[in-house]
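>>> Pasting a predicted model and its sequence here:
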Amino acid sequence: MSLLRLIFVSFLHHWRMNLAVALGAAAGTAVLTGALLVGDSMRGSLRSLALDRLGKIDEVLAPGRFFREKLADELKETEDYKLYGESLVPAILLPASIENPNTQTRANRIEVIGCKRDFYDLFPASPGIDRSLVDKGTGGEGREIDLNQPLAEKLGVKSGDEIILRLPKPGLIPSDSALGEKRDTVRSYRLTVRNILPAAGPGRFSLKPSQQEPLNAYVPLDWLQEQLEQSGKVNTLLLGLNEIGEESIERYWQGAQKITLTDMLSRLRAIFTGRNKIQSSSSVYFSGIFLHWSFPLDLSEDLGLRIEKVPKGYVNLTADSMIIPPGIDAAIDNHEIQERMASSMTNIPEDKDESHYVFQRVFTYLANSISLDGRNIPYSTITAIDFSADPPLGPFLSPDGKPISPLADTEIALNSWAAEDLAAKIGDRIKVCYFEPESAHGQIREKTAEFRLAAIVQLGGAADDRNFTPSVKGITDIESMSDWDPPFPFDAKRIRPKDEKYWKDYGPTPKAFVSRAAGRELWGNRFGQTTSVRMACKPGYSVPDSFSEEKFFQKKLENWLQYGRIGFFWQTVKLQALAAAEGTTPFNVLFLCFSFFIIVSALMLVLLLFKLGVERRAAEIGILLAVGWKPKKVRKLLFREGVLTALAGGNIGVPLGLGYAALMLWGLQTWWLAAIVTPFLKLYLTPGSLLIGFVSGFFMAILTIFFAVRKISRVAPRQLLAGLPHGAMPTLAVGKRSARKTRPSPDDSPQHAHGKRGHGTRNFYNRFSWIDISWIIFFSINLLFYFFARRLSDLEAGMFFGCGAIMLLLTLLVLWNRLRRGATGSAVAAGGGNLFRLAIRNAARNPGRSTLTIGLVASACFLIVAVSAFRLDPSQQTPTLKSGNGGFALVAESSQPIFQNIDTTDGRAALGFSDDEEKLLSQCRIYSLRVRAGDDASCLNLYKPRSPRILGLPQDFLARGGFAWADAPAKCENPWSLLEPRNLDIKAEVPMILEKNTANYSLNLWEGLGEQYWLNDGSFGLRIAALLNNSVFQGDLLISEEALLKKFPDSAGYRFFLVECPPEKTAEVQKILENRLGDYGFAAETTGGRLARFLAVQNTYLSTFQSLGGLGLLLGTLGLAAVQLRNILERRGELALLRAVGFSRKKLAKLVLLENTVLLGLGLGNGILAALVAVMPHFLTSNASIPWLSLFGTLLLVFLAGTLAGLAAVRQVLRAPLLNALREEN
Amino acid sequence: MLSVENLTKQYATRGEPLDVLRGVSFTLESGQNTAILGPSGSGKSTLLSIIGGLEEPTSGTVALDGQNPNKLDELALAAFRNVHVGFVFQEHYLLPQCSVLENVLIPTVAAGKTKREAVERAKSLLERVGLSERIEHRPAELSGGERQRAAIARALVNKPTLLLADEPTGNLDRTNADRIGRLLLDLQKQEGMMLLLVTHSERLAALMSRRLELDEGVLKEMLNDDC
C-alpha cells in the first residue's frame, strides 16, 4: 500500500471527523469569501447606482450661469460631437424647496429639473420605470409638476395634489454686491402634481454622488425658463456619448484601474495601516475628454457680455452683471498668450503687433455724494480710469483745452458741471461718499474717501460719455432720477432739479474721475474690478477690411477666453461617478475585521476538532510509530489528510461564502441600515474574490492543521498506544516535564513526596506564583494609569484597548497557572457546596483545555463589552462649548441663500420676524456661514467625495472658539484662530479645519496637521490646521469666510447656520426660524440629532461587530460543545464510578453543568474585567452611551451559548450507558 | 444479609439472546466474605453489577438486608448504592484532579453535605490503608498499589453493608496484589461488612472464606478440593 493510498483510505475511514474539520474550515473560508464579496457588492452596487442615476449621461456642461439652449444644437453640428456624441440634452437644474400646503410638510434642498422629453430618452427603459408615465413627458398643461417617488413620499402627496414650489429668483447683479437685490430672492409657485416617477432611471437622476435617493421635481423647460425670465436659456447640457465615446471612457477607466506594482504595495500598506494613498491616482483622467471642444459661444447670450461700438468711436465691452467677471477680465489680461493659442484655431491672423490696439479698462461706481465744504452732489457716477490722450478714448481736456495729466491715486478730477456745482477749485479736498462694494448679511455700509482735486475736466469730448456707466436695470434706463428703483438705500428727496437736469442731459455720464488703481482699491471686489473695457485701434491703424471693428474685437475676445476659466468645460461625470463608486469605506476590510471573531472561532474549531480526531486515533498513530514509522512520516500522513480536509472545507466554504455575503447584505439593508443609510445593495460576485476566499481559507486551515500535527511526535508511542488515558494533546505536548513531576516514588514510599504538599507547608510561593504577582502589579499600574489618564485627554483609546487585551491574557495566564497547579481550593471539605467545589476542581483536570474555553468566552465578552462602550449617543447631550456641538443647540441649512443677518435685529426685521419672535431670537446668537456647494464627505455618503462642500466661517465665529478637538497644534488655545486669513495669497494653501473622521476615512488624509489636500479640480490646495472630534461639521471643509470668498467669488449669501439659544427654548426657536424662513428652504435640527445621525453609522458598525462577534461565539460554541463531549468521553470511567458510589444521573448532570458554568463564569468575568480596563477612561471622559440592555442581552447570549454547549455534554451524560465503562475496562 | 435468588441475565444479540447468568442463587451472611471465580466472560462482573444495583437482572431478585435495589427508582437506587454498597474496581477510577483525601470523600458529596465525621473517617481509613502521608497527593503521584488502596478507602467511607470488589488486583503485581487482598480482608473484618469479590486469581480467592465458581452463567459452590 502506498502512502497516498493510506492517506486516501484513512481520509475516507475517518470521514465523520474529517467532515467536522472540513465544516470548520468551510466556516472560515465562507466568512473570508463573504467579507470579500460584501466589498465587491458594495462597489458593484455603488457603480450600478451611479450608472442608473446618470443613464446615458457621460459628461455635463454646467458653467454656473444661464446660456442659450440653442448651444446644444450648435454643438451637435461640431465634428467632435458627430464623432463621439449621441445625445445632447439642454436642461435647467436648480436647487429649490417644496411644501405640501395641506400638511406644511417641507422638502428642502430638492433639485428642480426643467427639461423636455429628450431628457427622459437619456435613460434606457428598465423594469423599474413605468414608461407610460415617462411617455407623457413634461409638456403638461398649465401649472403642473412631476415628482419622483422619494420626494412625493417625503411630502406625502399624490397625483392631483397641490404643492408650493419655491425657486431662487436669479438676478443679473450678484446679491452680495451693493447694487444687488437682497430681498425678494425667492419666488413661490402653486402647482399641481401630475406624475409620480419611480425612483429609477429619470426618477433617480442626480449629478451628486450619493447612495441616497435624490429628491427631484420635474417641470417643463419652457415654463421654468419663463418663470426665471431666462427665455430660451438653460444652465446645463447633458451629453451622452456614442459607442466610440463610451469606449474612450472605458479606456480611461481601465487606465485608471490599472494596478501597478507600486499601487499593489500601496494597497497592501493601506490594508495593514488602514491608510489609503492611491485615492487620486485616477483623477488625472477626469479633466474631461472633450475639453478641446471650442464652444460656439455667444458673448452676449452665453456670457452676458455686451459688445458694441459706441458713438464716441470705440468698441465698448460691458456685462449684464454690471461688473465684468474676473475670468473674462483675466482673459483680456492674458490676451497675448491667448492670441497665439487661438491663431491656429480661427481665421483671424495672429496679431504680431499688439500695439495696434488699445484696451482700456474702466471701473465706474456710484458715489452717494461728492462734497466740498458742506456742498454736495447726490448720486453721481464716478469713473476710475487711466486717461488716454488719443482719440477715440481721449483726450480729457481741462476747461482751457489742455490735456489732463494722469491722476495720482489720491487725486480726483471733477467735470466742469460738478466743479461748478461745488464751487471747487484745484487743490480742494473733495469727499466722496459711497457704499462698500460688498455687503455682508445684506447690510450696506457707507464709506468716505477724500481726494485732492487735481483737475477739472471739460464736460465734452471723451469725458462726455454715458457709456462709462454700464446699464443697470431700474437706474440707467429710468428717465428721472427720482424714479430710480435701486436695491440700496435711496433718498429721492436729495435729488435737486439741477441733478434731474444733468440726468436728462447727460444721463449716467460720470461727474468725477479717479485713477484706475484708486478705483480698484476702493471699489474692487470679488465679483470683479472692471465695469467696461474700451477697445479701439490706435491712430493710423484699422481692423482688417473683412471685419467691422465691433466684430473684430468680438472675435478677438472669443479667442482669448479660456472657457474652462469661465466655467464652460465638460465635467466627466460618469468617470467621476465610477471613481467615486470605489467608495470611502473598504467594506471588504471592514467585514473581515467584523468577522474576525468568527474566523478565529472557525480556526479554533478546526484546531480542536482536528486535535480531537488525532486523539481518537492515538492508538493508530502509536502503532505506526511502534512499527517503525518516523514521526515525520506520521505527521506527513496526518498533514496530507488535513490538506484533503482543508480542500474539502474550501470547496464547501466558497458557496457558503455566497450565503454569508447575502446574509451580510441583508443585514446591511435591514438591521444595520444606518451604516449605508439607504437600502441599495445587490450581491455582486467577482471570480477574484471567490478565488482569494478559497485560497485564504484553505491556507488558514492548513496552517492550523500543521500547528496541530506538529506536536504529535512529542508524545511517546506507549502513551499513544494506551489511547492517551487522560488524553488531551496539550497536556501531553508538555509531557516530558509533566511526566517528571508526576512520576510516583519508585519504592512506593510516601516519603518521596512528603514535604512538598504536606499539610501546613504551603508557603507564600505556593499560594502566589510570579504570574499572580505580575497580574497584581499590572492591575495596579492600570489603576495608576487611569488616575493620570483622567487628566490626559489625548491618550489614544488604542492604548487602553491594548491594556485591556494584556489584562485579558495575563488573567488567562493566572487562571491557567492556578488550574495547572491545582490551586483552586478544596474539592471536598466538611460542609455544603462540595458539588460546586468539585466542579471547580474538575476545571483543573485539563488546564489547557479549560483555559482555552475560558479564553474563548473571555475574548468574546471582552470584544463585545469593550466595543459596546464605544457607542456614543449625543442626541440628549446639552450644548457645551468644548464638545462636538460647540455649545450650539441648533444647526440649520437653507436651500436658497439668505442675505440678511439673522443675528441682528435689523436683519430679522428685514426677514419679517414679528415682535414676539424678535423677543425670543434676541436671546439667541446665530452664526451664518457661507457655503461652497460640494459633495457630502460625511460618513452618510458611501461614494468617495470628489469635491467636498466647503463652509466659510465668519470672523466672529473664529474668535468665539469652542468644539472638541482631535488634534491641534500644541499651546493653541483656540485652533479656529488658525483659519484667520493673514496675507491670504490666491496661490497659497488655505488653512482648513475638518473633522478627523472626514479627514481619515472620506478624504484619506492620515498624516494629520499640515497635510495638504487639493480640490478635485486642482484649483487650489488646502492645508490641515486642526482636526475636530465628532463634530456637527462632519463632511465639510472649514475655511475662513474671507478665504472662501477669495477662492469662490460667486458664493452668494449664507446657507449654513449655527444657533446658540437657551436649551429650554430650542424647540420654539427652531419652529420660529423654520416657519419664518420657510421660503428659503430653511431647515434646522438639533446639534445632538445631527451628531446622532453621524454617529449612527459608527454605532451601527459597532452593532455589526457585536452581532458578528455573537455569530462567531455561536461557532465557538460548537467548539466548546466538541470539547465538552470529548471531556465526557474521556471521563466515562470516572463518571461511571461516581454513579457507582451513589451519584444519581441528575446529580452527575448537575456536576457537569456546574463545571461548564464555572468555565463560563470565569470567561465572562475575565472578559468583563479586561473590557472595563480598556474602556474605563473612555467611559469617564466622554459621552459614552453604553447600551446596558443590549449589552446585558449579548452577555446573556454568550452565557446561554456556553450553557448550550454544556447542555450537549449533559445530554451525553444522561444518555450514555456510563456504567458499562466500568465493565468495558475490566 | 445478601440474598440472590434465581438471577438471570440475558443480552439481546443479532442472533439468539445471550444468557450470561442462568438462575444464579446464593446468600451471603453479615460479616462473611466470598470470592467468585470464573474465566473471562463467565458473567462475574455482570453478577456483581446486578448485585450492586448498577444493572438490572432479566429475572430473579437481589435483597440486601431485605431491600431489593432493582425495585428502587433512579434516585433511591443511587442513594442505596451510596449508603449500602461499596465498590472496588480493577481500575481505580480516582479523579486525577482531586487529592487522595478528596477522592476518598467523593461518595459523601453524592449524599449532600460532607460531615466533619466523614472527613475524620476518611483520614482514618487512609491511615488504615497506609496512605496517611499521602492524603494531599494527586493520584498521578501514587503508585498502582497506592491508588487501589485509596480506591478501597473510598469504597468504605460511607460504611457500606456490602463491599463489592471486581478484580481489585487485576492491574497489580503479585506483591501488591497480596497486600490488597489482605487489606480487603482486614478491613472487612474490622468493619463487619460483607465482602463479595470476583476474580480469576486463585491466589486472591484462596484468601476468602468461601468461594463460588461461575461458569457459563451457572454458579457452583467450590469445595476446598476444587482449589
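Perfect, I can see it now.
>>> how many other residues sit next to residue A:480?
11 (other C-beta atoms under 10 Å in any protein chain shown). All C-beta spots, glycine's among them, are computed from the backbone N, C-alpha and C.
>>> Can you report how many residues neighbour the nearest residue to it once chain neighbours are set aside?
Spatial nearest neighbour of residue A:480, excluding adjacent residues (C-beta to C-beta, 6 or more residues apart in numbering or on different chains): residue A:500 at 6.1 Å. When counting by other C-beta under 10 Å, one arrives at 14 neighbours for residue A:500.
>>> Just to be sure, residue A:500 is in a strand?
No - counting by DSSP: H, G, I helix; E, B strand; the rest coil, one finds residue A:500 to be helix, located in no strand.
>>> Look up the closest residue to whatever residue of chain B ends up closest to chain A, ignoring the ones flanking it.
Nearest residue of chain B to chain A: residue B:82, at 2.3 Å (C-beta to the nearest C-beta). Leaving aside its sequence neighbours, residue B:82 sits nearest to residue A:1142 (C-beta to C-beta, 6+ apart; 2.3 Å).
>>> what about the one you found, how many residues close to it?
Number of residues near residue A:1142 (other C-beta under 10 Å) recorded here: 26.
>>> List the residues that contact the residue of chain B closest to chain A.
By C-beta atoms under 8 Å, 6 or more residues apart in numbering or on different chains, the contact set of residue B:82 is A:1141-1143, B:107, B:110-111, B:158.
>>> Which members of those occur in helices, if any?
Counted as lying in helices by DSSP state H, out of the contacts of residue B:82, are B:107, B:110.
>>> pLDDT-wise, what's the bottom of the contacts of residue B:82?
pLDDT across the contacts of residue B:82 is lowest for residue B:111, at 78.
>>> The longest helix seen in chain B packs against which elements?
Counting by DSSP H, the longest helix found in chain B is helix B:174-191. Other helices and strands packing on helix B:174-191, by 3 or more C-beta pairs under 8 Å, 6 or more residues apart in numbering or on different chains; DSSP states H and E, are helix B:144-156, strand B:162-166, strand B:194-199, helix B:202-205.
>>> any chance of the ones you listed in CSV, with mean neighbour count and distance to residue A:639 too?
Formatted as CSV, the helices and strands packed on helix B:174-191 follow (neighbours: other C-beta atoms under 10 Å in any protein chain shown; distance: least, C-beta to C-beta, whole Å):
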stretch, mean neighbour count, distance to residue A:639
helix B:144-156, 26, 37
strand B:162-166, 25, 43
strand B:194-199, 26, 47
helix B:202-205, 18, 49
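>>> tilt between the longest helix of chain B and helix B:144-156?
20 degrees (axes from the mean of the first three to the mean of the last three C-alpha atoms, to 10 degrees).
>>> just to revisit the earlier point, contacting residues for the residue nearest to residue B:82?
B:78-83, B:107, B:110-111, B:158.
>>> Same check on residue A:314?
Shown in contact with residue A:314 (C-beta under 8 Å, 6+ apart): A:392-393, A:534-536.
>>> Okay, helices next: where are they in chain B?
Under DSSP H, chain B gives helices at B:44-51, B:74-84, B:100-110, B:116-128, B:144-156, B:174-191, B:202-205.
>>> In JSON lines, list those helices along with distance to residue A:813.
Shown next, in JSON lines, are those (distance: least, C-beta to C-beta, whole Å):
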{"stretch": "helix B:44-51", "distance to residue A:813": "45"}
{"stretch": "helix B:74-84", "distance to residue A:813": "39"}
{"stretch": "helix B:100-110", "distance to residue A:813": "26"}
{"stretch": "helix B:116-128", "distance to residue A:813": "34"}
{"stretch": "helix B:144-156", "distance to residue A:813": "32"}
{"stretch": "helix B:174-191", "distance to residue A:813": "40"}
{"stretch": "helix B:202-205", "distance to residue A:813": "49"}
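>>> for the stretch 851-1000 of chain A, what are the low-confidence residue spans?
A:873-876, A:981-988 (pLDDT under 70).
>>> For chain B, what's its nearest residue on it.
Counting by C-beta to the nearest C-beta, the stretch 851-1000 of chain A gets nearest chain B through residue A:851, at 14.2 Å.
>>> isn't there a helix covering residue A:240?
No - counting by three-state DSSP, residue A:240 is not part of a helix but strand.
>>> Go ahead and confirm it touches residue A:76.
No - at 11.8 Å, residue A:240 does not count as touching residue A:76 under the criterion of C-beta atoms under 8 Å.
>>> quick one: common contacting residues for these two?
If you check residue A:240 and residue A:76 against C-beta under 8 Å, 6+ apart, the residues they both contact are A:85, A:88.
>>> Neighbour count for the two, which is higher?
Neighbours were counted for residue A:240 and for residue A:76 using other C-beta under 10 Å; residue A:240 has more, 22 against 12.
>>> wait, what's in contact with that one?
Residue A:240 sits in contact with A:55-58, A:85-89, A:122, where contact means C-beta under 8 Å, 6+ apart.
>>> Kindly recompute the last result at 10 Å.
Residue A:240 makes contact with A:54-59, A:84-89, A:121-123, A:246, A:574, according to C-beta atoms under 10 Å, 6 or more residues apart in numbering or on different chains.
>>> Same check on residue A:519?
Applying C-beta under 10 Å, 6+ apart to residue A:519 gives the contacts A:361-365, A:382-386, A:409, A:513, A:529-531.
>>> Please indicate which of those residues are buried?
A:361-365, A:382-385, A:513, A:529-531 (16 or more other C-beta atoms under 10 Å in any protein chain shown).
>>> And the residue in chain A that chain B sits nearest to, how close does it get to residue B:81?
The nearest approach of chain A to chain B comes at residue A:1142, 2.3 Å away (C-beta to the nearest C-beta). Distance, residue A:1142 to residue B:81, using C-beta to C-beta, to the nearest Å: 5 Å.
>>> Now the common contact residues for these two.
Joint contacts of residue A:1142 and residue B:81 (C-beta under 10 Å, 6+ apart) are B:53, B:87, B:107, B:110, B:158, B:160.
>>> what stretches of chain B score poorly on pLDDT?
B:223-227.
>>> where do the strands sit along the stretch 51-200 of chain A?
Listed in chain order, the strands of the stretch 51-200 of chain A (DSSP state E, counting those that start in this stretch) span A:57-61, A:67-68, A:85-100, A:105-115, A:144-148, A:162-168, A:186-197.
>>> quick one on the thing from earlier: with distance to residue B:175 as extra columns, can I get the contacts of residue A:1142 in CSV?
Compiled in CSV, those are given as follows (distance: C-beta to C-beta, whole Å):
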residue, distance to residue B:175
B:78, 36
B:79, 38
B:80, 36
B:81, 32
B:82, 33
B:83, 34
B:107, 28
B:110, 33
B:111, 35
B:158, 29
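>>> out of those, which is most surrounded?
residue B:107 leads these on contacts (other C-beta under 10 Å) with 29 neighbours.
>>> looking at it, that residue is touching residue B:79, isn't it?
No - assessed by C-beta atoms under 10 Å, residue B:107 is found out of contact with residue B:79, at 11.1 Å.
>>> picking up where we left off before, does the residue nearest to residue A:480 touch residue A:494 like I think?
No - between residue A:500 and residue A:494 there is no contact under C-beta under 10 Å: 11.5 Å.
>>> hey, what's in contact with both of the two?
Joint contacts of residue A:500 and residue A:494 (C-beta under 10 Å, 6+ apart) are A:481-482.
>>> got a list of what residue A:1032 touches?
Here residue A:1032 is in contact with A:874, A:883-886, A:888, A:890-891, A:963, A:995, A:1058, A:1085-1091, A:1093-1094 (criterion: C-beta under 10 Å, 6+ apart).
>>> and those residues, which are buried?
A:874, A:883-886, A:888, A:890-891, A:963, A:995, A:1058, A:1085-1088, A:1090-1091, A:1093-1094.
>>> quick check, stretch A:1198-1209 touching chain B?
No - Stretch A:1198-1209 does not reach chain B (C-beta under 10 Å from any C-beta of the partner chain); its nearest approach is 16.4 Å.
>>> so where's the longest helix in chain A?
Identified as the longest helix of chain A according to DSSP H is helix A:1087-1130.
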